[in-house]
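> Next comes the sequence, and after it the predicted model I'd like to discuss.
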Amino acid sequence: MKKKQVDQLLSTLSYFTDTILNTVELTALKMVFSSGKNKYLIDVGIIESDEQVAYEVALIGKKVLVKPDEFIYFIGQQANIYDSIEILFYERGSGRRIEADDRNVKVSSIDTISKNNQKGQTGESTHLSNGVSEKRDYYIRVDEATEILKAIGIIDEKNKVKNDKIRKYNQIDRFVELVDPIIQEFIKRKETIYILDCACGKSYLSFVLNYYIREKLNHPCEFLGLDWSESVIESSKELAEKLHYTNMKFEQCDLSNYRSNSFRPTICMSLHACDTATDMAIYTGIQSRSAAILCVPCCQRELLNSGYSFPLLEKNILRHGLLKTRFSDLLTDALRVLLMEANGYETTVIEYISPLDSPKNIMIKGRFSGKNNKDSYAEYQSLKSQFNCEITLGKLLENK
């Protein structure tokens, strides 16, 4: 390829390195190198170890290990050898195609769900250009979970995912994927799984998880959904009755006042619990000594509204409204993680879904270890003091 197009290709890839290669949503990566009439399809294996990612590239007779930060350099080397290159990134339900030759560089989208829907077989093979086929292996398959997906409005009467529900479908399935290892652990122990859904809203996630555990995995489970809104609780009760899910209960209550000694959750979860509701969900999980806590925060306004300060950042970051908002989100989650660790949880923070699908894509995961971390509590106190701030979770834990 000509130098001009190689430079343009590498410039385009530099954007996708940040938004795709480093995201947990990446499910497959393929490349097609062309030289004259010869085409070489290259499958790239994604290797994850200790939260590190590398790409094992099968390059005509030998394997090469490429780290994400070396990926652009690697492609540049290949672009100087071949006449054209096609790179296909597959995410959950969508993807990107980058095509480059001596004439131009093009970027296009691949909607794997829409292509699958044309066959009515989400989860089956999808044939793309150059004979490449991509197999989607959803945990919640349309052809298997028709009743529940139709009941919560994800698919239409023709059993196709609605266009405006594709992202919701991806989010639900991704959550199931992330919680599955915990579920499998308790299945091996032959223990009933208890799930507490805090700020459950319409309880879509609970209904799908109930289907997955009870019907697909054939394992006993119990659900309790909590929300302050009486109308959404009544709606969830009606849907549970319609689906004959007698193992699902729903209660209208304020999370900050919720106490129960009879329902100790295996998993305490909240998906997009707004603002301080996420703090209350985490607090509920800590109080009940839930084996696992999974929270995807949303609308984090507490620190932004109540105020926080740090002189060294005032002139270069906090003076910009957008940066201050994002920094307050990061600070809030950092404080939450430290408090969870201080109260006996081993924590990780991951990207729940692609930022292309939703900016609210951070998940805080905690596994109960029973060992309170004094160092984390000291770090929490130090951070709180430096920024002259406090979050609801801290207040709740101090008053318990």
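Right, received. Where do you want to start? Residues are numbered from 1 along each chain as shown.
> So what are the structural domains in the chain, by residue number?
Domain assignment for the chain by automatic domain parsing gives 3-135, 146-398.
> end-to-end on the last one?
To tie it back to what came earlier, the one meant is domain 146-398. End-to-end distance for domain 146-398, by Cα to Cα, to the nearest Å: 46 Å.
> That domain - what's its average pLDDT?
The average of the pLDDT scores along domain 146-398 is 90.
> before we move on, the earlier item: so can I have JSON lines of the domains of the chain showing mean neighbour count?
(Glycine included, C-beta is placed from N, CA and C.) Output for the domains of the chain, formatted as JSON lines (neighbours: other Cβ atoms under 10 Å):
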{"stretch": "domain 3-135", "mean neighbour count": "16"}
{"stretch": "domain 146-398", "mean neighbour count": "18"}
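> any chance you could map the strands in the stretch 101-250 of the chain?
Assigned by DSSP state E, counting those that start in this stretch, the strands in the stretch 101-250 of the chain fall at 105-110, 125-127, 133-135, 193-198, 221-227, 248-252.
> and the next helix or strand after the last one, what does it pack onto?
Sequence order places strand 267-274 as the next helix or strand after strand 248-252, per DSSP states H and E. The helices and strands touching strand 267-274, judged by 3 or more Cβ pairs under 8 Å, 6 or more residues apart in numbering; DSSP states H and E, are helix 166-188, strand 193-198, helix 277-287, strand 292-298.
> relative to strand 292-298, how tilted is the third one?
Between the axes of helix 277-287 and strand 292-298, defined by axes from the mean of the first three to the mean of the last three Cα atoms, to 10 degrees, the angle is 170 degrees.
> Could you dump the helices and strands packed on strand 267-274 into TSV with distance to Leu323 added?
What follows is the helices and strands packed on strand 267-274, written out as TSV (distance: least, Cβ to Cβ, whole Å):
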stretch	distance to Leu323
helix 166-188	26
strand 193-198	30
helix 277-287	22
strand 292-298	18
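> residue contacts, the closest residue to Glu147 other than its chain neighbours?
Leaving aside its sequence neighbours, Glu147 sits nearest to Leu243 (Cβ to Cβ, 6 or more residues apart in numbering; 7.3 Å). Applying Cβ atoms under 8 Å, 6 or more residues apart in numbering to Leu243 gives the contacts Glu147, Ile148, Ala151, Phe207.
> roughly how far apart are Leu243 and Gly153?
Distance, Leu243 to Gly153, using Cβ to Cβ, to the nearest Å: 13 Å.
> ok, now Gln300?
Distance from Gln300 to Gly153, by Cβ to Cβ: 27 Å.
> give me every residue that touches Lys216.
If you count contacts by Cβ under 8 Å, 6+ apart, then Lys216 has Glu144, Ala145 around it.
> ends of stretch 142-161, how far apart?
8 Å.
> out of the helices and strands packed on strand 267-274, nearest to Ser14?
helix 166-188 (25.5 Å; Cβ to Cβ).
> Give me the distance between that closest one and the centre of its chain.
10 Å (Cα atoms, centre = their mean, to the nearest Å).
> Spatially central residue in this structure, please.
Centroid-nearest residue in the chain, with Cα atoms, centre = their mean: Tyr352, separated by 1.6 Å.
> From what I see, it and Cys298 are in contact.
No: with contacts counted by Cβ atoms under 8 Å, Tyr352 stays clear of Cys298, the gap being 11.2 Å.
> returning to what we had before: which one, of the helices and strands packed on strand 267-274, ends up nearest to Cys389?
Across the helices and strands packed on strand 267-274, closest to Cys389 is helix 277-287 (Cβ to Cβ), at 13.1 Å.
> Can you list the neighbours in contact with that closest one?
By Cβ under 8 Å, 6+ apart, helix 277-287 touches 196, 198-199, 226, 255-256, 258-259, 265, 268-270, 273, 290, 293, 295, 297-298, 300, 302, 336, 339-340, 343-345, 364, 366, 391-393, 396-397, 400.
> ok, back up a step: would you mind giving the strands of the stretch 101-250 of the chain as a markdown table with distance to Lys67 added?
Putting those into a markdown table (distance: least, Cβ to Cβ, whole Å) gives the following:
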| stretch | distance to Lys67 |
| --- | --- |
| strand 105-110 | 23 |
| strand 125-127 | 29 |
| strand 133-135 | 24 |
| strand 193-198 | 37 |
| strand 221-227 | 40 |
| strand 248-252 | 45 |
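> Mind checking those strands for the one nearest to Lys158?
Short answer: strand 125-127, nearest of the strands of the stretch 101-250 of the chain by Cβ to Cβ, at 18.2 Å.
> Quick check: the residue nearest to Glu147 vs Ser203, distance?
11 Å.
> Would you mind measuring from Glu222 to Arg301?
33 Å.
> And Ser35, by the same measure?
55 Å.
> same thing with Arg259?
For Arg259, the distance to Arg301 - Cβ to Cβ - is 26 Å.
> cool, Gln386 as well?
Where Arg301 is concerned, Gln386 sits at a distance of 21 Å (Cβ to Cβ).
> Tell me the one of the contacts of Leu243 nearest Leu41?
Using Cβ to Cβ, the contacts of Leu243 come closest to Leu41 at Ile148, 37.1 Å.
> The closest one touches Leu209, doesn't it?
No: the pair Ile148 / Leu209 is not scored as a contact, 10.1 Å apart, by Cβ under 8 Å.
> quick one: the helices in the stretch 1-150 of the chain?
With DSSP state H, counting those that start in this stretch as the criterion, the stretch 1-150 of the chain has helices at 3-16, 71-79, 112-117, 146-151.
> ok, Gly366 - contacts?
Ile282, Gly285, Ala292, Ile293, Leu294, Met340, Tyr345, Glu346, Thr347.
> One more pass at 6 Å, please.
Gly366 sits next to Ile293, Met340, Tyr345, Thr347 when contact means Cβ atoms under 6 Å, 6 or more residues apart in numbering.
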